[in-house]
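S.K.: only geometry, no sequence info:
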């Protein structure tokens, strides 16, 4: 997200966005950082909308599952890159 908001996307050939549904992101932040929901919502309101990040990214991985699920998706992505090279 910081690449988009800081204007550095032109320095990269492509960008992979790893994201999750809003409810999942909220739960993960609450569990990890013990930040109150109102503070999380406030911080998220200052960020670029997910839809815009997805439009600016060449690849997107939805991280709505477990860590092993994410690793499988990353493996699939790396295999895709190898095929394109």
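M.R.: Received it, and whenever you're ready, just let me know what you need. None of the values given here were measured: they were computed from a predicted structure.

S.K.: So which elements touch the longest helix along the chain?
M.R.: Longest helix in the chain by number of residues, with DSSP state H as the criterion: helix 67-84. Contacts defined by 3 or more C-beta pairs under 8 Å, 6 or more residues apart in numbering; DSSP states H and E place helix 67-84 against strand 59-62. Backbone N, C-alpha and C define where each C-beta goes, glycine included.

S.K.: Name the residues that touch the longest helix of the chain?
M.R.: By C-beta atoms under 8 Å, 6 or more residues apart in numbering, the residues outside helix 67-84 that reach it are 16, 18, 59, 61, 62, 63.

S.K.: So for the host helix or strand of the second one, what gets flagged as buried?
M.R.: Secondary structure assigned from DSSP states H and E places residue 18 in strand 16-19. Buried residues in strand 16-19, counting neighbours by 16 or more other C-beta atoms under 10 Å, are found at 17, 19.

S.K.: so how far is it off the chain centroid?
M.R.: How far strand 16-19 lies from its chain's middle: 3 Å, per C-alpha atoms, centre = their mean, to the nearest Å.

S.K.: Stretch 30-50 too?
M.R.: Averaging C-alpha positions (C-alpha atoms, centre = their mean) puts stretch 30-50 14 Å from its chain's average.
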